[in-house]
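Participant: only geometry, no sequence info:
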């Protein structure tokens, strides 16, 4: 699963989440600073972040609103993946309910909408939603390079499904201003080529080949061991 | 953390001294953060002397199911007797010298302990939501730590640690003698079995609290096969597979979830003729729940099921399965219906807010709504697949005309469907491990608006057929 157990995880965090220390309310502080580090250094440790949400679940008095929203935004950058949902499952039902009228509940509900657009591959709508309300900028401001991470992830997913795609389509999906900027991103960051008619050529890879395959049954002796054993026993 | 390790300085248990025993009970109360122990009626704490005299019947009692409609007072008492029993087992000086009444006793105790924790939490939440039983609200408000989540976790983790069961299982896995690492507690059957089933208990508690990945992580040391200790106790075998399968489903690992449910359902169908007892009745209910969950998983991840399972599924949930497999908005209520009927009775780990009854949302609704987000994202996959199956190349605008949607919308559907064909699948290592594999028989790639489609040919699977017919002919 994306962003589950990153190589960047230090030993002291490993000790917390793999031992009983994960239930010590005092560990929340350590995990919070680790989240801060993830936000700044652009990596994601959802496993450790869930340990933090778990502590909040057991000790609601320790909840820090911005930590919860930062964790959710971090999960969102891993799309498509169950990370965001797994984090939501650990929130108290009234925080995650649209009928609750607190600032945190409202923020969670907005992030949930955003995440649904990314999971549903409605990338153009995602960028439109981001622009529709200043709150989105506030919610994602702590996560360094948020928009770039989303953009790269979209490009990666596009490369797994497309051999060729119109520049105009990519422009709306990547949320960039104008074809020239999109062209620049596509050629410089992704290393793809744009032809004269505005088509982006994506190099072949195992995912965009759609090769024919035949699935055959693997048969081995073990599957027949019981029959053979019985035949042997009956003969004897 | 000492409060979890259960490694309090050992105290002398002097059977003749009531004072000493009272001190022990109080000490345990402290350990479980029992703030208002004094307010409880003394009848709830049997003194240790009576307990040791009568320990065998106490052991048996701990495994007895509590009546569902038992009054609140009985539920409190039951909690207290579990506390003192576990305290006696964990914190006596040295291991207590007792033989478990039967090989399934330890499972029954842990099972009943968690069941009571589960139903108490649900009951408490219901009282808070209904807000019309002042008397009980008052009692529950005053005793926030009775059946508290931290104390339940504390008991399970302490039993695991005391018995060194993790070390024992690791040794067994390496092919070494587990007794070498069992220590003075873990070498006794009482501790070993309680420790072992506490691991299964943790799987369940984590799942009830919505922590599905931690639930699976808990089982790292237990190998899921018929040789495992849990497989000797039918209810344990069954429960384990239900919770593992459910956790997989919530982590979108549908192939693995189906594998788990199928394994146990096939097992039950083979053994049902000689399992007609009380235990079997409770298993029948879980049985139906797992068929409902298989229906959900198959809708997400169409696959060929074992023939026995397939037939039973069509019998039990034939209509629903058809609607799920068709997808679209019409399938949503069916997903909700089956999920509600088949999910564990989720609970919240903290006491409800009695002052604002309407703020206490049922955790089942919460987890359902998160699950439904993913259902909604995927609801057009069946439509997309059914059309793609008909062509080798197809124009996107033409297909969007057939489906009566905007081309942009269809591009999203195609991307979603393609992205979901990759799934993590178990690879013989820990339950959380797996390889990212393509699980669909249909693959495609887009070249501008042209969709290239290739369908994997599935050769006939014959081994199962041969085996079944061989055993039928020669039985």
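Facilitator: Looks like it came in fine. Bear in mind that the values here come from a model prediction, so they are computed numbers and not experimental data.
Participant: Now do the buried residues in stretch B:365-379.
Facilitator: B:366-371, B:373-379 (16 or more other Cβ atoms under 10 Å in any protein chain shown). Bear in mind the C-beta positions are built from the backbone N, C-alpha and C, glycine included.
Participant: for stretch A:155-165, same thing?
Facilitator: Counting neighbours by 16+ other Cβ under 10 Å, stretch A:155-165 gives A:155, A:157, A:158, A:159, A:160, A:161, A:162, A:163, A:164, A:165 as buried.
Participant: ok, these vs residue A:218, which is closest?
Facilitator: Checking the buried residues of stretch A:155-165 against residue A:218 by Cβ to Cβ gives residue A:160 as the nearest, at 27.3 Å.
Participant: can you pull the pLDDT of the nearest residue to that closest one once chain neighbours are set aside?
Facilitator: Nearest non-adjacent residue to residue A:160, counting by Cβ to Cβ, 6 or more residues apart in numbering or on different chains: residue A:207, 3.8 Å away. Residue A:207 is assigned a pLDDT of 88 by the prediction.
Participant: Which parts of chain A are helices?
Facilitator: Taking DSSP state H as the test, the helices found in chain A are A:11-18, A:27-41, A:46-58, A:65-76, A:83-89, A:103-119, A:123-132, A:134-140, A:146-161, A:167-174, A:178-184, A:225-235.
Participant: With the stretch 151-300 of chain B instead?
Facilitator: Using DSSP state H, counting those that start in this stretch, the helices found in the stretch 151-300 of chain B span residues B:165-173, B:179-186, B:189-208, B:212-218, B:234-250, B:254-271, B:278-300.
Participant: Work out the gap between the third one and the centre of the chain.
Facilitator: Offset of helix B:189-208 from its chain centre (Cα atoms, centre = their mean, to the nearest Å): 12 Å.
Participant: Let me know whether my guess that residue B:365 is in a strand holds.
Facilitator: No - secondary structure of residue B:365 (DSSP: H, G, I helix; E, B strand; the rest coil): helix, not part of a strand.
Participant: Distance-wise, check it relative to residue B:300.
Facilitator: 21 Å (Cβ to Cβ, to the nearest Å).
Participant: before we move on, back to that, distance to residue B:437 added to the helices of chain A, as a markdown table?
Facilitator: Output for the helices of chain A, formatted as a markdown table (distance: least, Cβ to Cβ, whole Å):
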| stretch | distance to residue B:437 |
| --- | --- |
| helix A:11-18 | 27 |
| helix A:27-41 | 28 |
| helix A:46-58 | 21 |
| helix A:65-76 | 23 |
| helix A:83-89 | 19 |
| helix A:103-119 | 20 |
| helix A:123-132 | 26 |
| helix A:134-140 | 33 |
| helix A:146-161 | 14 |
| helix A:167-174 | 27 |
| helix A:178-184 | 33 |
| helix A:225-235 | 27 |
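Participant: Most tightly packed of those?
Facilitator: Relative to the other members of the helices of chain A, helix A:83-89 carries the highest mean neighbour count by mean count of other Cβ atoms under 10 Å in any protein chain shown, namely a mean of 25.
Participant: Give the rounded mean pLDDT of that one.
Facilitator: Rounded mean pLDDT across helix A:83-89 is 97.
Participant: Return the member of the buried residues of stretch B:365-379 nearest to chain A.
Facilitator: Nearest to chain A among those: residue B:366, at 3.6 Å, using Cβ to the nearest Cβ.
Participant: check contacts around the closest one.
Facilitator: A:89, A:93, A:96, A:97, B:210, B:346 (Cβ atoms under 8 Å, 6 or more residues apart in numbering or on different chains).
Participant: follow-up on the earlier one: I'd guessed the residue nearest to residue A:160 sits against residue A:157; true?
Facilitator: No - using Cβ atoms under 8 Å, residue A:207 makes no contact with residue A:157, being 9.5 Å away.
Participant: Can you report phi and psi for residue B:443?
Facilitator: Here is the backbone geometry of residue B:443 (degrees, to the nearest 10): phi -130, psi 150.
Participant: and the gap between the closest residue to residue B:302 other than its chain neighbours and chain A?
Facilitator: Distances taken as Cβ to Cβ, 6+ apart place residue B:325 nearest to residue B:302, at 7.1 Å, with adjacent residues excluded. Separation of residue B:325 from chain A (Cβ to the nearest Cβ, to the nearest Å): 20 Å.
Participant: Residue B:325 is in contact with residue B:385, isn't it?
Facilitator: No - applying Cβ under 8 Å as the test, residue B:325 and residue B:385 come out as separate, 10.2 Å apart.
Participant: any residues in contact with both of those two?
Facilitator: Contacts common to residue B:325 and residue B:385, judged by Cβ under 8 Å, 6+ apart, are residue B:302.
Participant: okay, the two: which has more neighbours?
Facilitator: Taking other Cβ atoms under 10 Å in any protein chain shown, residue B:325 and residue B:385 do not tie; residue B:385 has more neighbours (17 against 14).
Participant: May I ask you to confirm that that one belongs to a helix?
Facilitator: Yes - assessed with three-state DSSP, residue B:385 lies in a helix.
Participant: ok, of the helices of chain A, where does mean pLDDT dip lowest?
Facilitator: helix A:225-235 (a mean of 79).
Participant: what packs against it?
Facilitator: In terms of contacts (3 or more Cβ pairs under 8 Å, 6 or more residues apart in numbering or on different chains; DSSP states H and E), helix A:225-235 is packed against helix B:463-474.
Participant: so what does the helix it packs on touch, helix or strand wise?
Facilitator: Checking 3+ Cβ pairs under 8 Å, 6+ apart, helix B:463-474 ends up next to helix A:225-235.
Participant: angle of the helix it packs on against helix B:463-474?
Facilitator: 20 degrees (axes from the mean of the first three to the mean of the last three Cα atoms, to 10 degrees).
Participant: Pop the domain breakdown of chain A in here.
Facilitator: A:1-144, A:146-210 (automatic domain parsing).
Participant: Residue B:142: which of these is closest?
Facilitator: domain A:1-144 (18.9 Å).
Participant: what about that closest one, start to end distance?
Facilitator: 22 Å (Cα to Cα, to the nearest Å).
Participant: give the contact list for residue B:455.
Facilitator: A:212, B:389, B:441, B:442, B:443.
Participant: Just the buried ones out of those residues, please.
Facilitator: By 16+ other Cβ under 10 Å, the contacts of residue B:455 give B:441, B:442, B:443 as buried.
Participant: per-residue confidence at the nearest residue to residue B:380 once chain neighbours are set aside?
Facilitator: Nearest non-adjacent residue to residue B:380, counting by Cβ to Cβ, 6+ apart: residue B:413, 4.7 Å away. Predicted confidence (pLDDT) for residue B:413: 96.
Participant: Mind listing residues that contact the host helix or strand of residue B:413?
Facilitator: For residue B:413, the host element (DSSP states H and E) is helix B:407-420. For helix B:407-420, contacts defined as Cβ under 8 Å, 6+ apart pick out A:80, A:119-122, A:124, A:157, A:160-161, A:169, B:300, B:377-378, B:380-381, B:383-385, B:396-397, B:399-400, B:403, B:405, B:444, B:446, B:449, B:451.
Participant: and which of the buried residues of stretch B:365-379 is nearest residue B:202?
Facilitator: residue B:367 (18.7 Å).
Participant: for that closest one, what are its contacts?
Facilitator: A:89, B:210, B:250, B:343, B:346.
Participant: and with 6 Å instead?
Facilitator: By Cβ atoms under 6 Å, 6 or more residues apart in numbering or on different chains, the contact list for residue B:367 reads A:89, B:210, B:346.
Participant: of all these, which comes closest to residue B:433?
Facilitator: For these, with residue B:433 as the reference and Cβ to Cβ as the criterion, the closest is residue A:89, at 20.9 Å.
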